[in-house]
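S.K.: Okay, structure incoming, though there's no sequence with it:
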C-alpha cells in the first residue's frame, strides 16, 4: 500500500501520554500525541461473541480485562517541518498520516488497540536525544545497542497498580529492543499482569523479542498471541489490528 495515501481513523483520547525506528529495522522519535481526537467507527466490523457462548480461556492464559493500559515506544523520523502531504522516504517508512497528523508506526497501532479495548495510553519517553536523520539514527542506535546503553525514562515508571492487563508495543531496532524499551522494562514491574505484545518492524518480525521481554518480566503472564506488522503494511493494518484484539481471550 502506498504510504503516502491519507487514511481516516478514529482514535480514543490518551489519558496518559508518555516516546520509538529504524526504517531498516522497524517503525520507529515520535510525533506528539494529537491534541484532539475523534471517535468514528472502526473501518473493520468484527463480529462479537457473547460471554455466554464464548469458551473459557484455559487456566493460566492471559486475558484482557477492563483495567487495561497500552504502553508503547515509537520514534518516527520526522521533524517540526515534516509535511504530511509530502513525506520523505524515511518519514514514510516510520510514520502514518491520520487525518492530516503524522503518527509513528507503533503509536498508530497503540492508539487503535486503546480505542478497541477502552484502555488508557502511556507513551514511553526519554530525555535522551535521537536524530531524525536515518543514517545518523541507525548509527547511534547500533552503537548504543552494542554498548548496552540504558537511557533515562522521562518521569520514571508510572504506577501500574490500577491495571491488570498491559498491551506493550515497540519497534525493532537492529533485531533487538530499542535501548529505551529495555531501560523501561528493567525498571518496571509487570508481576501478576496479563501482558499482550505488539511490534512494528522493517523485515525482522518480532526478532525474538518476546523471549527477552519474558526474561525481563518473569512475574508477568505474557501471551504468545502477539501482533506483529511490517512498516510497509502499517497504513492498512487497522482491520487486522481490530481482528487481533477481538480474538484475544477475555
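M.R.: Cool, got the structure. Treat the numbers as computed from the prediction; the structure is a model and nothing was measured.
S.K.: Give the rounded mean pLDDT of the helix or strand residue 146 falls within.
M.R.: Using DSSP states H and E, residue 146 sits within helix 134-147. Across helix 134-147, pLDDT averages out at 97.
S.K.: in it, what's buried?
M.R.: Using 16 or more other CB atoms under 10 Å as the test for burial, helix 134-147 gives 134, 137-138, 140-141, 144-145. Glycine gets a C-beta too; all of them are placed from N, C-alpha and C.
S.K.: want to throw those residues into JSON lines with distance to residue 158?
M.R.: As requested, the buried residues of helix 134-147 are exported to JSON lines (distance: CB to CB, whole Å):
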{"residue": "134", "distance to residue 158": "31"}
{"residue": "137", "distance to residue 158": "26"}
{"residue": "138", "distance to residue 158": "30"}
{"residue": "140", "distance to residue 158": "26"}
{"residue": "141", "distance to residue 158": "25"}
{"residue": "144", "distance to residue 158": "24"}
{"residue": "145", "distance to residue 158": "25"}
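S.K.: I'd like to know how far residue 182 sits from residue 240.
M.R.: 27 Å (CB to CB, to the nearest Å).
S.K.: With residue 71 instead?
M.R.: For residue 71, the distance to residue 240 - CB to CB - is 21 Å.
S.K.: who has more neighbours, these two?
M.R.: More crowded of residue 71 and residue 240, by other CB atoms under 10 Å: residue 71, with 27 against 15.
S.K.: for the more buried one, helix, strand, or coil?
M.R.: strand (DSSP: H, G, I helix; E, B strand; the rest coil).
S.K.: And the pLDDT for it?
M.R.: We have a pLDDT of 98 for residue 71.
S.K.: Now for it: which residues touch it?
M.R.: 18, 122, 124, 166-169, 184 (CB atoms under 8 Å, 6 or more residues apart in numbering).
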